[in-house]
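> test case, fold it:
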Amino acid sequence: MISDEMRLAENPRVAQVFHEIETELGFGMVPNIFKSMAENPAALAAHWAMFKYTILDGELTRVAKEMVGVVVSTVNKSEYAAKVHMHSLGVQGVWPLPVEAVLAQYDAVVDDIGVDAVKTGMLSGAELVSAVARRLATLGVPVVVDPVAVSKHGDALLDRDAVQVLREELLPVATVATPNLSEVTLLTGVVVESAADLHRAAAAVLELGPTWVLVKGGHLSGPPVDLLTDGVDVHLLHAARAETRHTHGTGCTLASALASFLAQGDGVPVAAGKAKDYVTGALAAGFALGAGIGPVDHGWRWRA
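Here you go, the predicted structure:
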């Protein structure tokens, strides 16, 4: 059950949504999505983008308090790889957790409850990237790798020596990799300057081993387009451009939504299309929070 304490922490509409989902779906029917990433106190991206998406998506349910006093869910299980001090103006500091602590969180969830999909985000250091890759290699569920390397404000989030480990060990276990344009360049050396370059970028990422790659082209000029491919099938995901500066959490949200739909049994192209639709709506509803770049609105469907 969702605790009364949790309900009081939410606005009445969200509490009503939780109640409706509990009533309609019951328990024991919900895919388990595991994430490995950083946590930040401003709740703009990383863990909180995943948390807010999986809770507010109408097909998922059931919030509980578990694991080291932070709010996670039976849908959205988490391990924290680092503590990030950040707000809407940028990253102020990063404190990676010991690898042993991250793996202990992973084992606690996987060994007891199990997971139906995994999404990785910021992992910061080479030793941690390698350790997570080894765990995921034998898990047997869809893995979405969001190769987070630089924050929205340009702050480095991945150690230089971790980039090669990400290339050689983590990307080969990915069902889908979701790099943005700067991450494509970091990983492959390919510079994407136009939509025509997306195919070359995707091919270069696929050479590193993921089954599928979703290259995010939102930073290109013109109508935004992402390219999804496994090297054979190619899907272009189009959307109208949202005229907003409040885009914090976009990449985390897209990868999280993708993992959520994969956990529900959708194939990669279908899951990617649904995730694209969701994040497009969240972007359009982005709002100011603080003095800098505000977040996308993960609850936009409930307010539409």
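
> going by C-alpha atoms from here, please, whenever you check contacts or count neighbours.
Noted.

> what residues does whichever helix in the chain runs longest touch?
For the chain, the longest helix by residue count, based on DSSP state H, is helix 268-284. Helix 268-284 is contacted from outside by 176, 228, 235, 237, 239-240, 242-244, 246-247, 250, 253-255, 257-259, 261-262, 296-301, using Cα atoms under 8 Å, 6 or more residues apart in numbering.

> shaky segments in the stretch 201-304 of the chain?
246, 248, 287, 304 (pLDDT under 70).

> could I get the buried residue list for the longest helix of the chain?
Neighbour counts over helix 268-284 (16 or more other Cα atoms under 10 Å) mark 268-269, 271-284 as buried.

> among the contacts of helix 268-284, which are located in strands?
Judged by DSSP state E, strands contain the following of those: 176, 228, 235, 237.

> now the closest residue to the second one other than its chain neighbours: phi and psi?
To tie it back to what came earlier, the one meant is Leu228. Of all residues not flanking Leu228 in the chain, Leu214 sits nearest, at 4.3 Å (Cα to Cα, 6 or more residues apart in numbering). Note on Leu214: its backbone torsions stand at phi -120, psi 100 [degrees, to the nearest 10].

> what is the neighbour count of Arg303?
8 (other Cα atoms under 10 Å).

> scratch that, Ala255
28.

> quick one: it and Pro142 touch, right?
No: at 12.0 Å, Ala255 does not count as touching Pro142 under the criterion of Cα atoms under 8 Å.

> Leu227 bridge partners, please.
In this entry, Leu227 is beta-bridged to Val215, Leu236, by DSSP bridges.

> quick check: it vs Ala259, distance?
17 Å (Cα to Cα, to the nearest Å).

> what of Val118?
Counting by Cα to Cα - Val118 and Ala259 are separated by 6 Å.

> got it, and Asp297?
Asp297 sits 18 Å away from Ala259 when distances are taken as Cα to Cα.

> the more surrounded of the two?
Ala259 (34 against 26).

> could you pull out the strands for the chain?
Counting by DSSP E, the strands of the chain are 33-39, 63-65, 71-73, 76-87, 90-96, 117-120, 143-145, 176-177, 212-215, 225-229, 234-238.

> which of those strands comes out lowest on mean pLDDT?
Within those, confidence is poorest for strand 63-65, with a mean of 24 (mean pLDDT).

> what's the local residue count around the spatially closest residue to Gly209 that is not a sequence neighbour?
Spatial nearest neighbour of Gly209, chain neighbours left out: Pro172 (4.0 Å); criterion: Cα to Cα, 6+ apart. As a burial measure, Pro172 scores 20 neighbours (other Cα under 10 Å).

> check whether Pro172 really touches Trp212, as I assumed.
No: at 10.3 Å, Pro172 does not count as touching Trp212 under the criterion of Cα under 8 Å.

> Leu158 is in contact with Met122, isn't it?
Yes: contact criterion Cα under 8 Å: Leu158 and Met122 qualify, at 7.1 Å.

> shared neighbours, the two?
148-149.

> and those two? which has more neighbours close in?
Met122 (27 against 20).

> the more buried one is in contact with Val150, isn't it?
No: counting by Cα under 8 Å, Met122 stays clear of Val150, with 9.1 Å between them.

> between the two, what contacts are shared?
Taking Cα under 8 Å, 6+ apart as the criterion, Met122 and Val150 both touch 157-158.

> tell me the pLDDT at Glu24?
Glu24 is given a pLDDT of 43.

> then the one 5 residues further on?
According to the per-residue confidence, Met29 scores 42 in pLDDT.

> same question, Arg13
49.

> go on, Ala49?
Predicted confidence (pLDDT) for Ala49: 50.

> numbering from 43 from now on, please.
Understood, numbering begins at 43; the last thing we discussed is Ala91.

> what's the neighbour count on Ala333?
By the measure other Cα under 10 Å, the count of residues near Ala333 is 9.

> do Asp275 as well
By other Cα under 10 Å, 9 other residues sit near Asp275.

> if I look at it, how far off is Asp268?
14 Å.

> go on, Ala244?
Relative to Asp268, and taking Cα to Cα, Ala244 is found at 10 Å.

> contact partners for Arg287?
With Cα under 8 Å, 6+ apart, Arg287 has these contacts: 335-336.

> which ones are touching the spatially closest residue to Val232 that is not a sequence neighbour?
Spatially, and ignoring its direct neighbours in sequence, Val232 is nearest to Ala243 (6.0 Å; Cα to Cα, 6+ apart). The contact partners of Ala243, by Cα under 8 Å, 6+ apart, come to 226, 230, 232-234, 257.

> which of those residues tops the neighbour count?
In terms of neighbour count, Val257 stands highest of those at 24 neighbours, by other Cα under 10 Å.
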